[in-house]
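Chemist: This is a predicted model, with the sequence first.
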Amino acid sequence: MSITEEFHPTPALKHRFLQTFLGGSKLRKLGKNPMLSATQEMILETGDHVRLIGHYSAHPKARGLVILLNGWLGDSGSAYITSTGKYLYQNGYSVFRLNYRDHGDSQHLNEGPFYATLLDEVFECVSQAASIEKGRPVFLAGFSLGGNFALRIARQCATTHIENLKHIISISPVLDPDKSTDAADGDRIIRTYFLKKWRKSLLKKQSLFPEKYDFSRILNNNRIRIITEELIKRYGPYENARQYFQAYSVKSDALMTIPVPTTIITAEDDPIIPAGDFHRLELNHLTKLVIHQHGGHNGFIEGFRLNTWYERNMVALFNEIVGTNL
C-alpha cells in the first residue's frame with residue numbers, strides 16, 4: 001500500500017513560491033464545507049493537565065477517522081487543514097483537527113508556552129482522539145511542523161501503542177529546524193509572514209499572563225532565529241536555540257524503528273525544507289519516501305481549482321487500507 005502517482009502541476013503553477021502561497025491561501029476556504037458544519041469543539045486534557053483544543057467532525061457513515069496536525073503558527077482553521085478535512089469528509093471520513101498549545105487561540109489554556117519539543121502532550125492527545133470512534137481505522141496526517149510531529153509520533157509508537165492507527169502521512173515535514181529557520185529568515189516574504197503571526201501569538205500570551213511574560217524587547221528583533229534565541233535564553237529549558245532545534249530534529253536513522261506504515265511527501269523545490277536531508281534518511285520497510293520535483297512547501301496544487309495531489313492520493317490510500325480491513 002503506497003502512493004506512487006507522480007505530481008504534475010499545471011505549468012503556470014509550477015513555481016515553488018506560488019505552490020507554497022497557494023497551499024495556504026484563503027482561496028482554498030471558499031465554498032461550503034460540510035466538515036465545518038459537522039464540527040464540535042473539544043478540549044483534551046493530558047495526565048499532566050495540559051489542555052489542547054481539537055475540532056471533531058463525525059461523519060454519519062465514517063469509513064475511518066483522520067487526525068490532522070497543522071504547521072507552526074497554523075491552526076485547525078488554516079486553509080490547508082480545512083481544505084484537506086473537507087475533501088476527506090466528502091469521501092466518507094470523520095476528521096479530527098488538533099491544535100498544539102498556544103495555537104488556534106488557545107493561549108489561555110496553559111500557562112507554559114509552546115515548544116516543538118512537547119511531543120508527549122501531542123502524542124497523548126492524538127491517542128485520545130484516535131479512541132473516539134471505537135473500532136474504526138485511524139489515520140494521522142501532519143503538515144510541515146505537523147509532519148515533524150507525525151514522524152516523531154510514529155517513532156514513539158514503537159513503545160506506546162495508538163489504537164487502530166493504520167497509516168501516517170507526513171507532508172513537507174521539518175527535519176532539521178536549524179536549517180529551516182535559516183531558510184525562513186533568508187526570504188523576506190516568508191520571514192515577514194511568520195514573524196507577524198508569531199508576534200501576535202506571543203503578545204496575546206503576554207496579555208494573559210503579564211506577571212510571567214514580557215516579550216516587548218525580544219519582539220523588536222526582526223529575525224526568527226534571534227527571537228528564538230532570546231526566548232530560549234529567558235524562558236526556555238534549553239541552553240540556546242541550537243540545542244532546542246536539535247531536540248526535535250529528525251535525522252539519519254531516527255525512523256528506522258517505526259512500527260506504523262508511513263508515507264513522507266516532500267518536494268525538491270521546497271523553499272523551507274532542504275530536499276537533501278530527505279535523501280540521507282535511513283528508512284525501514286514500512287516507510288515510503290516520495291520526493292516530487294515541484295510542490296513547494298505544503299503546496300502540491302494541481303490546477304486552478306486549487307485541488308491538491310496529496311488529498312486525492314491520501315483518500316485513495318486510505319480507501320485501499322480500509323478495504324483490506326473490512
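Modeler: Received the coordinates, thanks.
Chemist: and after the helix ranked longest in the chain, which helix or strand comes next?
Modeler: The longest helix of the chain (DSSP state H) is helix 188-208. Using DSSP states H and E, the helix or strand that follows helix 188-208 in sequence is helix 224-235.
Chemist: What residues are bridge-paired with Ile291?
Modeler: When bridges are called by DSSP bridges, Ile291 pairs up with Thr266.
Chemist: Name all residues that make contact with it.
Modeler: With contact set as C-beta atoms under 8 Å, 6 or more residues apart in numbering, Ile291 has these partners: 266-268, 275, 278-279. To be clear about C-beta, it is placed using only N, CA and C from the backbone, and glycine gets the same treatment.
Chemist: now the longest helix of the chain against helix 224-235, angle please.
Modeler: 20 degrees (axes from the mean of the first three to the mean of the last three C-alpha atoms, to 10 degrees).
Chemist: Farthest pair within the contacts of Ile291?
Modeler: Ala267 and His279 (13.0 Å; C-beta to C-beta).
Chemist: More neighbours: which of those two?
Modeler: More crowded of Ala267 and His279, by other C-beta atoms under 10 Å: Ala267, with 26 against 10.
Chemist: For that one, which non-adjacent residue is closest in space?
Modeler: What sits nearest to Ala267 in space, not counting adjacent residues and going by C-beta to C-beta, 6 or more residues apart in numbering, is Gly295, at 3.2 Å.
Chemist: wait, the one you found sits on Thr266?
Modeler: Yes: between Gly295 and Thr266 there is a contact under C-beta atoms under 8 Å: 7.5 Å.
Chemist: list residues touching both of the two?
Modeler: Going by C-beta under 8 Å, 6+ apart, residues that sit against Gly295 and also against Thr266 are Ser172.
Chemist: Which residue is most remote from the mean position of this protein?
Modeler: Most distant from the centre of the chain: Glu211, at 31.3 Å, with distances by C-alpha atoms, centre = their mean.
Chemist: Please determine how far that residue is located from Glu111.
Modeler: 10 Å (C-beta to C-beta, to the nearest Å).
Chemist: What of Gln19?
Modeler: Gln19 is 38 Å from Glu111, by C-beta to C-beta.
Chemist: In terms of neighbours, single out the busier of the two.
Modeler: The neighbour count for Gln19 versus Glu111, taken as other C-beta under 10 Å, is higher for Gln19 (25 against 12).
Chemist: so where does that one fall, helix or strand?
Modeler: Assigned by DSSP H and E, Gln19 falls in helix 16-23.
Chemist: chain center to the helix or strand just after that helix, what's the gap?
Modeler: Downstream of helix 16-23, the first helix or strand assigned by DSSP H and E is helix 34-37. Computed by C-alpha atoms, centre = their mean, to the nearest Å, the separation of helix 34-37 from the middle of its chain amounts to 20 Å.
Chemist: Packing partners of helix 34-37?
Modeler: helix 79-90 (3 or more C-beta pairs under 8 Å, 6 or more residues apart in numbering; DSSP states H and E).
Chemist: let's see 10 Å
Modeler: If you count contacts as 3 or more C-beta pairs under 10 Å, 6 or more residues apart in numbering; DSSP states H and E, helix 34-37 packs onto strand 51-57, helix 79-90, strand 93-98.
Chemist: sorry, back to before: more crowded one of Gly295 and Thr266?
Modeler: Taking other C-beta under 10 Å, Gly295 and Thr266 do not tie; Gly295 has more neighbours (29 against 25).
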